[in-house]
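A.B. asks: Next one to model:
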Amino acid sequence: MTLDHRRSLNRRTVLGGTAAATSAALLPTLTATPAAASRRPRPAPANRLVLLGTAGGPPPEPGRAGIASALVVDGRVHLVDAGRGAVTQYLAAGLRYRDLAAVHVTHLHADHIADLHNFFLLPGFGANDSGDGITRPVDVHGPGPAGALPPVYGGGTAPTVAPDRPTPGLADLLDRQIEAFAYSTNVFLRDSGIRDVRELIRVHETAAPDVGADPLGPTAPDMEPFTVTDDGSVKVTAVLVPHGPVFPSYAYRFDTPYGSVVFSGDTAPSDNLVRLARGADILVHEVIDLDFYDGQGLDDALLDHLRVSHTDVTEVGPLAERAGVGTLVLSHIVPADPALVGRGSWARRAGQGFGGRVVVGEDLLSLPLHGLPHPAASPTARNEDAR
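C.D. replies: Predicted coordinates:
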């Protein structure tokens with residue numbers, strides 16, 4: 001069965017709401033070091049959030065892998081985005097490929113999907129030396145085709161890649177990547193007996209309710225959360241969020257028996273996101289330090305993109321407070337190089353106007369659902385304002 005056929009069978013949208021969770025409490029600001037750095041590792045909790053990569057932006061930076069997160073619920077792994085290095089980070093986090101249940105893609109920018117196809121090209125090849133691999137179909141949810149390209153910033157013209165299909169959605173994206181590796185796959189099918197990679201991917205292009213959204217604007221009008229999936233244990237809801245001209249761009253909420261976790265995706269400050277995150281235990285939110293880029297000599301188009309597409313560190317705390325979340329986790333951090341902006345600075349400014357707990361994301365940081373960060377992450381509570 002082709003991806004296009006599976007897409008026609010699987011695309012569906014059911015309106016729904018979000019479940020209320022615990023309210024925020026007045027707790028100290030937290031920062032944490034990666035789980036891999038712990039000298040006395042402890043068994044990971046069964047139900048947890050793992051930040052596989054915390055860097056924003058396509059250009060690779062030292063100290064952080066590309067954006068990707070894993071939510072583990074009853075041993076099943078729900079992957080949110082698959083940026084640069086996600087396949088490797090997944091293993092480094094102690095996760096098993098055979099437990100990957102679903103992937104949810106927020107939007108189709110390269111830094112969020114650089115490793116998406118690799119999950120099926122590499123772990124899907126067969127078992128590794130530890131006997132682990134992807135051997136059964138995985139549900140992959142994400143945006144369909146945008147339908148139109150935005151105008152060029154400042155006017156004028158720009159080159160168009162693949163003018164016959166310039167705005168592929170998730171299904172076309174994976175189809176084309178599979179085709180690009182056809183020789184390698186076809187040879188291995190014949191001499192190594194591998195699984196057909198097309199049998200391992202079930203694509204579901206998420207279609208939002210008709211709320212007047214348009215690829216040329218508005219891309220994220222006011223709306224209520226809608227249901228993406230609900231298997232009776234994990235309910236996933238979503239909203240459109242404003243990410244410059246990108247369409248569609250989603251934020252996701254996961255309601256589980258052990259707590260609720262929201263992933264902002266890439267977004268400017270958004271009332272839709274506040275609705276989605278209402279009362280959640282954990283909000284994983286992107287963050288940028290716009291002050292850092294003032295005077296850096298960046299191109300005007302790039303500066304405009306940063307300003308209209310992302311949430312400044314000074315804005316994320318009040319947003320989390322409005323949503324009433326318990327813990328705010330900073331991820332998709334820009335600038336990504338930890339040497340440029342320290343954890344204390346991120347935590348202090350993000351915590352202004354927020355009465356809950358702030359965690360500055362680091363690669364391989366693990367946080368259990370229903371509790372403080374896992375001891376293996378070596379969290380340290382400190383007065384960041386004194387730094």
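A.B. asks: how near is the closest residue to Ala158 other than its chain neighbours to Val262?
C.D. replies: Distance criterion CB to CB, 6 or more residues apart in numbering; nearest residue to Ala158, sequence neighbours excluded, is Val152 at 4.7 Å. Quick note: C-beta positions are derived from backbone N, CA and C, even for glycine. Val152 sits 34 Å away from Val262, going by CB to CB, to the nearest Å.
A.B. asks: In terms of neighbours, single out the busier of these two.
C.D. replies: Taking other CB atoms under 10 Å, Val152 and Val262 do not tie; Val262 has more neighbours (30 against 10).
A.B. asks: can you pull the contacts of that one?
C.D. replies: Going by CB atoms under 8 Å, 6 or more residues apart in numbering, Val262 touches 251-254, 273, 276-277, 280, 282-284, 323, 325.
A.B. asks: in which helix or strand would I find it?
C.D. replies: Element membership for Val262 (DSSP states H and E) is strand 259-263.
A.B. asks: who does that strand pair up with?
C.D. replies: strand 250-256 (antiparallel), strand 282-288 (parallel) (DSSP bridges).
A.B. asks: secondary structure element for the residue nearest to Ala158?
C.D. replies: Val152 belongs to no helix or strand when assigned by DSSP H and E.
A.B. asks: Repeat that for Thr88.
C.D. replies: Assigned by DSSP H and E, Thr88 falls in helix 86-92.
A.B. asks: pLDDT-wise, which helix or strand of the protein ranks last?
C.D. replies: strand 14-15 (a mean of 30; mean pLDDT, DSSP states H and E).
A.B. asks: now the helices for the stretch 51-200 of the chain?
C.D. replies: Applying DSSP state H, counting those that start in this stretch to the stretch 51-200 of the chain gives helices spanning 86-92, 110-113, 118-121, 170-180, 182-191.
A.B. asks: and the first one, average pLDDT?
C.D. replies: Read it as helix 86-92. In this model, helix 86-92 has an average pLDDT of 98.
A.B. asks: for it, packing partners?
C.D. replies: strand 48-53, strand 68-73, helix 118-121 (3 or more CB pairs under 8 Å, 6 or more residues apart in numbering; DSSP states H and E).
A.B. asks: and stretch 348-360, how far from the chain's centre?
C.D. replies: 20 Å (CA atoms, centre = their mean, to the nearest Å).
A.B. asks: Could you do stretch 229-244 as well?
C.D. replies: So, by CA atoms, centre = their mean, the centroid of stretch 229-244 is 12 Å from its chain's centroid.
A.B. asks: So which bits of it are buried?
C.D. replies: Thr229, Val234, Lys235, Val236, Thr237, Ala238, Val239, Leu240, Val241, Pro242, His243, Gly244 (16 or more other CB atoms under 10 Å).
A.B. asks: relative to its centroid, which residue of this structure is most remote?
C.D. replies: Distance from the C-alpha centroid of the chain peaks at Asp191, with 36.5 Å (CA atoms, centre = their mean).
A.B. asks: Give me the distance between it and Ile282.
C.D. replies: 46 Å.
A.B. asks: What of Pro58?
C.D. replies: 26 Å.
A.B. asks: Counting neighbours around each, name which of those two comes out higher.
C.D. replies: Shown here are Pro58 and Ile282; by other CB under 10 Å, Ile282 has more neighbours (25 against 13).
A.B. asks: my read: the more buried one touches Ser331, true?
C.D. replies: No: look at Ile282 against Ser331 with CB atoms under 8 Å: they stay out of range, at 10.9 Å.
A.B. asks: Format the contacts of Val262 as CSV; extra columns: pLDDT and distance to Asp115.
C.D. replies: Putting these into CSV (pLDDT from 0 to 100; distance: CB to CB, whole Å) gives the following:
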residue, pLDDT, distance to Asp115
Ala251, 98, 21
Tyr252, 98, 18
Arg253, 98, 23
Phe254, 98, 21
Leu273, 98, 25
Leu276, 98, 25
Ala277, 98, 26
Ala280, 98, 26
Ile282, 98, 23
Leu283, 98, 24
Val284, 98, 18
Ala323, 98, 29
Val325, 98, 28
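A.B. asks: ok, so of these, who is nearest Asp312?
C.D. replies: Nearest to Asp312 among the contacts of Val262, counting by CB to CB, is Leu273 at 14.5 Å.
A.B. asks: where does the closest residue in space to Thr267 that isn't next to it in sequence fall, phi/psi-wise?
C.D. replies: With sequence-adjacent residues excluded and distances taken as CB to CB, 6+ apart, Thr267 is closest to Val241, at 3.7 Å. Backbone torsions of Val241, given as degrees, to the nearest 10, read phi -130, psi 150.
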